[in-house]
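Undergrad: I'll drop the sequence and a predicted model, then ask my questions.
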Amino acid sequence: MHTDLVGDITKHLKRIISETNGITLNDTLELSAHSDFVQGNKNISKLINEFRRLLSNYQEEEIDIYTLLNHPVSDALFCFFKDFPLPYQEAHTHLTGSLTADFVFPHLKKLLEGPHKEIYEKKITDIYGQEALPINTVDDVDKLIRLKEGEYFDKYLKILTLPKLILTSKQIHSDAAYHMAKEIYTKYNVGMLRLKFTLNRESTSSEDQIPGLEDITGEDVVLGLYDGFMRFKKEFPKFHFILAPSFRKEADFFDGKNFERKEDHFMSQVDYILDLIDKYPFLADHLNEVDTVGSERDLYRKRHFKQMQYGFRKLQYKGFKLRSHHGETWYSLRKGVQAVDNAMNIWHIDTLEHGLSLGINPNYFFHSMYQRVMRKNRRGEAIKEGSSDYLELMDMDWYKYQEVRDKLVSGIPLEPEEEIHFVKTKFHMAREVEHYQHDVLNRMITKGVALTALPSSNNKLTRAFDDYKDHPFSWWEKKGVNLSVGTDNYVTLNTNFIREMLILLYSDPDNLKITKLLMVTTGETHRPLISQLLWKMRKIKS
């Protein structure tokens, strides 16, 4: 019965969206509710109107977005987007966080039953805890590779270890690529994949040292991934992929055994990539971008960008495009904007990944911080050292009122006049950050630097905004930013590409048009073609 209703609603949505040329979701649902078809079907009318109320409740923060995502009308919208004739462009996903448990488990099982069993078990318990063992089923793996509620960025980087354990041969990389391509193409209508992966995982950090890494070369990784994707492309010729080697930004992440400095190791990797293309010219159409990943909290000053500057310059003169994770995490919002600024000015990036520091409203951000801090201050509570509020307080220019800051940090209640000094300090800080933010964003638009939005990643990992509806996607779109959408690590984050589209649509149902969302996610800029394809969908059965 549920399946039949979803099918009927999907068919109806295809008709009304095509006839209205993909207007906003709220307008679409309102017209749908008033249609003869819905008014003549009690069950469907009930579901459509119930979903409209829930969508309104979500905007008023009375329910969470998962209530919407689990509704039958949401299932119908999922089917609608899955059936769209043009495939979607997954602009940002990582290899290790996009391998499903049914792929990881059989390969991991072999390792846990092999001669190095104890080494692998220790690695697993060090990261996931003693309760992670034993691993006997696909479900056991699935629980470990998915981020849990209350776990954020630092934990996320660690739990990606499990898939990394198995990626130690050319053949496994090939099988992983084929598996991933098949999953996203058949289930989510993704026809273009930009894959982030690590070319060389040698590191001086013990947490990142994986057993078996000495047995695989960067050439094995690249050729393995290429082979797997090409195998799938032979079955589905329209599928396209970009291999984007990703380099960790952290200063200590490099091969300390063979190189004294990160600069030297990075330049060695750059030369390695260029030599690979010379050796295998067929890679050139797919290996033509690079990316930087990892925590950026300690990388925001100009000197932080010098280690990789010359390597990136060499790649750019060979035709490579540079994408970079920035504006995702920060010690203070100002430093988050500064990181993006320097990535543009020093690395000359082509695409900004995440970019949240350019989408947060500084006035709202700092006043929210002021309210939280003052509530604690009135209760005599100190601000925890290292917390986000602490770091913002320490980054403010207090002029001659440092004693106000010290009282706030220590939990000593402020006098009324001192609270006014706090208000003025946060006000001027917000204004300065807002000016800086808009300056960087406008220069980014002028230079044509693109931006990849990753809603679930930003909400679940960094908690930079309270709810999905606070994500700046629609604001960026109105500003004229060249946008794309990615899942980051769709398995780890319990999402998928179409789910990200629904999240964006539900987050701004009054302004974001369905046609515009389709244009962003397919990369198709010719609006009349989108309209024609919507009309064509009336003949497609779900």
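TA: That came in fine, so what should we check first? Numbers count the residues shown, from 1 in each chain.

Undergrad: what mean pLDDT would you report for the host helix or strand of residue 124?
TA: For residue 124, the element it lies in under DSSP states H and E is helix 117-128. Predicted confidence along helix 117-128 averages 90 (mean pLDDT).

Undergrad: in it, what's buried?
TA: Neighbour-count burial for helix 117-128 flags 120, 121, 123, 124, 127, 128 (criterion: 16 or more other C-beta atoms under 10 Å). Every residue, glycine included, has its C-beta placed from N, CA and C.

Undergrad: quick one, phi/psi of residue 29?
TA: Main-chain torsions, residue 29, degrees, to the nearest 10: phi -70, psi -30.

Undergrad: same deal with residue 32?
TA: Recorded main-chain torsions at residue 32 are phi -60, psi -50, according to degrees, to the nearest 10.

Undergrad: what of residue 300?
TA: Note on residue 300: its backbone torsions stand at phi -140, psi -20 [degrees, to the nearest 10].

Undergrad: that one and residue 429, how far apart?
TA: To residue 429, residue 300 is 16 Å away according to C-beta to C-beta, to the nearest Å.

Undergrad: residues touching the residue lying closest to residue 161 once chain neighbours are set aside, list them.
TA: Here the nearest residue to residue 161 in space, its sequence neighbours aside, is residue 127; by C-beta to C-beta, 6 or more residues apart in numbering that works out to 4.9 Å. With contact taken as C-beta atoms under 8 Å, 6 or more residues apart in numbering, residue 127 is in contact with 158, 159, 161, 162, 207.

Undergrad: cool, and residue 55?
TA: If you count contacts by C-beta under 8 Å, 6+ apart, residue 55 has them with 25, 26, 29, 68, 506, 509.

Undergrad: among these, which one has the most neighbours?
TA: Taking other C-beta atoms under 10 Å as the neighbour criterion, residue 25 ranks highest of the contacts of residue 55 with 25 neighbours.

Undergrad: and the pLDDT at the closest residue in space to it that isn't next to it in sequence?
TA: Taking C-beta to C-beta, 6+ apart, and ignoring the residues beside it in sequence, residue 25 has residue 509 as its nearest neighbour in space, at 4.1 Å. The pLDDT attached to residue 509 in the predicted structure is 97.

Undergrad: gap between residue 509 and residue 241?
TA: Note on residue 509: its distance to residue 241, by C-beta to C-beta, is 33 Å.

Undergrad: buried members of the contacts of residue 127 into PyMOL, please.
TA: A single PyMOL command selects the buried members of those (16+ other C-beta under 10 Å):
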select buried, resi 159+161+162
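
Undergrad: tell me which of the contacts of residue 127 fall in helices.
TA: Filtering these for membership in helices, criterion DSSP state H, returns 158, 159, 161, 162.

Undergrad: strands along the stretch 201-350 of the chain, start to end?
TA: For the stretch 201-350 of the chain, strands defined by DSSP state E, counting those that start in this stretch occupy the ranges 240-248, 289-293, 321-326.

Undergrad: and residue 375, which of those is closest to it?
TA: With distances scored as C-beta to C-beta, the stretch of those nearest to residue 375 is strand 321-326 (32.0 Å).

Undergrad: who's in contact with that closest one?
TA: Strand 321-326 has contacts (C-beta under 8 Å, 6+ apart) with 244, 249, 288-294, 296, 312, 315-316, 339-340, 343, 347-355, 357, 452.

Undergrad: need the buried ones from these selected in ChimeraX.
TA: Here is the ChimeraX selection string for the buried members of these, based on 16+ other C-beta under 10 Å:
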select :244,249,288,289,290,291,292,293,294,296,312,315,316,339,340,343,347,349,350,351,352,353,354,355,357,452
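
Undergrad: so which of the contacts of strand 321-326 are in helices?
TA: With helices defined by DSSP H, the entries of the contacts of strand 321-326 inside them are 312, 315, 316, 339, 340.

Undergrad: residue 157 versus the last one, what's the distance?
TA: Put plainly, it is residue 340. Between residue 340 and residue 157 the distance, using C-beta to C-beta, works out to 21 Å.

Undergrad: now the third one
TA: Using C-beta to C-beta, residue 316 is found at 27 Å from residue 157.

Undergrad: run through the residues that contact residue 136.
TA: Residue 136 sits next to no residue when contact means C-beta under 8 Å, 6+ apart.

Undergrad: show me the contacts for the residue nearest to residue 25.
TA: By C-beta under 8 Å, 6+ apart, the contact list for residue 509 reads 24, 25, 26, 29, 55, 59.

Undergrad: now it: how far from residue 250?
TA: Going from residue 509 to residue 250 by C-beta to C-beta gives 40 Å.

Undergrad: quick one: low-confidence ranges for this protein?
TA: 1, 153, 201-212, 540-542 (pLDDT under 70).

Undergrad: now for the helix ranked longest in it, which elements pack on it?
TA: Identified as the longest helix of the chain according to DSSP H is helix 416-447. For helix 416-447, the helices and strands in contact under the criterion 3 or more C-beta pairs under 8 Å, 6 or more residues apart in numbering; DSSP states H and E are helix 333-342, helix 362-378, helix 402-410.

Undergrad: most packed of those?
TA: Burial among these, expressed as mean neighbours by mean count of other C-beta atoms under 10 Å, is greatest for helix 333-342, which shows a mean of 24.
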